[in-house]
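**Student:** Predicted coordinates and the sequence they were generated for:
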Amino acid sequence: MLYGAIEGGGTKFVCAVGTSSQNILDSVALPTASADSTLAGCVEFFSTAERRFGKIGAFGFGCFGPIDLRAHESSHGHMLATPKAGWSGVDLLKPLRSHFDVPVAIDTDVSAAALAEWQLGAGRGLGSIAYVTVGTGIGGGVAPHDLTARRLMHAEMGHIHVRRDPREQDFPGVCPFHGDCLEGLASGPAIQARWRSQLDALPAQHEAWSIIGGYLGQLAATIALMNSVERVVFGGGVMANGRLLPYIRAAAASVLKGYLEPLSQPGALDAYICAPQLGTQAGIAGAFLLAERALGSVPRDQLFPGGTSN
């Protein structure tokens, strides 16, 4: 069975075709331009792939958001209000459905990455994980979760409000909606606006490391308290190859103050808050898993151990 997979990001769209993420026959990276041209490029790639390799049985699409994921609504698969110019209101699924009469599963890019890390990476063998990406924006997803469950929308972990670090009380934040939410304070653009530099270009002793790690540590503690997942994985360009992790762990410990007994043991947070194992491949791997889910080729008890989902 051939699957089509799309990882749609604010900078590029990665399209791949194969029997799984471990057996990719062809792939392409397209710059994220206008919605029409970008999605048309995806359709062209998969049309060419079908002529070369045969019929694609299902598609998985992990895309930047926010997205309407309410399967019971006519707006399912539409982009909601987004700072990405020209993308608000776009029907992300229509181009695929107009050219390929096969099932399509869509989720946020970060939820797709969470699914991949849970099944294939840092969360393999665990009952649940959360995946957080810190880059141009900040997003988070929990795996497993049931796409058929009726919700207001997907999680928006990057837009929670956090306690301001006293060293930067005057920084207004960069989120166009909230100003100083987590994304407004700790994303790549926020770091650039605050210090005119990328984080990994700043000296190891620079205050930015503890400030950004402090904000992300608050998020990790919030996830532990609200979702009670078994591991929190931090990825994305701002993570600087894991150099932020010690600051995140220290901040999370400061917030929790030993309240969650499983995380109060010596060294527990070192394993609990970790880097991804799949690296930059988590998103496209998750899109393949979504395609398998769309076709129903993965048994439900494998997707949701114990028959339950978050």
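**Tutor:** Structure's in. What do you need?
**Student:** any idea how far Pro203 is from Arg243?
**Tutor:** Distance, Pro203 to Arg243, using CB to CB, to the nearest Å: 12 Å. Where C-beta positions appear, they are placed from N, C-alpha and C, glycine not excepted.
**Student:** mind showing which ranges of the stretch 201-310 of the chain have poor pLDDT?
**Tutor:** For the stretch 201-310 of the chain, applying pLDDT under 70 flags the ranges 297-310.
**Student:** those helices in it, which residues are they?
**Tutor:** With DSSP state H, counting those that start in this stretch as the criterion, the stretch 201-310 of the chain has helices at 207-227, 245-256, 268-272, 282-295, 300-303.
**Student:** Pick the most buried one from those helices.
**Tutor:** For those, average neighbour numbers computed from mean count of other CB atoms under 10 Å are highest in helix 282-295, which has a mean of 26.
**Student:** same for it, what does it pack against?
**Tutor:** Applying 3 or more CB pairs under 8 Å, 6 or more residues apart in numbering; DSSP states H and E, one finds that helix 282-295 contacts strand 2-8, strand 12-20, strand 56-63, strand 104-108, helix 109-120.
**Student:** Format those as CSV; extra columns: mean pLDDT, mean neighbour count and distance to Gln277.
**Tutor:** Below are these laid out as CSV (pLDDT from 0 to 100; neighbours: other CB atoms under 10 Å; distance: least, CB to CB, whole Å):
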stretch, mean pLDDT, mean neighbour count, distance to Gln277
strand 2-8, 97, 27, 17
strand 12-20, 97, 21, 17
strand 56-63, 96, 26, 18
strand 104-108, 94, 24, 20
helix 109-120, 95, 29, 7
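**Student:** Nearest to Asp180, out of these?
**Tutor:** helix 109-120 (21.3 Å; CB to CB).
**Student:** Just want the angle from that closest one to strand 104-108.
**Tutor:** For helix 109-120 against strand 104-108, the angle by axes from the mean of the first three to the mean of the last three CA atoms, to 10 degrees is 100 degrees.
**Student:** okay, the residue lying farthest from the centre of the chain: pLDDT?
**Tutor:** Centroid-distance maximum for the chain: Arg51 at 31.4 Å, with CA atoms, centre = their mean. Arg51 carries a pLDDT value of 97.
**Student:** Please parse the chain into its domains.
**Tutor:** Listed by automatic domain parsing, the domain ranges of the chain are 2-108+280-301, 122-276.
**Student:** With respect to Ala116, which of these lies nearest?
**Tutor:** Across the domains of the chain, Ala116 has its closest neighbour in domain 2-108+280-301 (3.8 Å, CB to CB).
**Student:** on that earlier part again, any chance of the helices and strands packed on helix 282-295 in TSV, with distance to Cys42 too?
**Tutor:** Formatted as TSV, those follow (distance: least, CB to CB, whole Å):
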stretch	distance to Cys42
strand 2-8	6
strand 12-20	5
strand 56-63	9
strand 104-108	12
helix 109-120	14
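**Student:** Indicate which one of the domains of the chain is closest to Ala114.
**Tutor:** Nearest of the domains of the chain (CB to CB): domain 122-276, 3.6 Å.
**Student:** what's the first-to-last distance across the closest one?
**Tutor:** Domain 122-276 has an end-to-end distance of 6 Å (CA to CA, to the nearest Å).
**Student:** Then stretch 11-29?
**Tutor:** 10 Å.
**Student:** contact partners of it?
**Tutor:** 1-7, 30-32, 38, 41-42, 45-46, 49, 52-53, 56, 116, 120, 136, 281, 283-285, 287-289, 292 (CB atoms under 8 Å, 6 or more residues apart in numbering).
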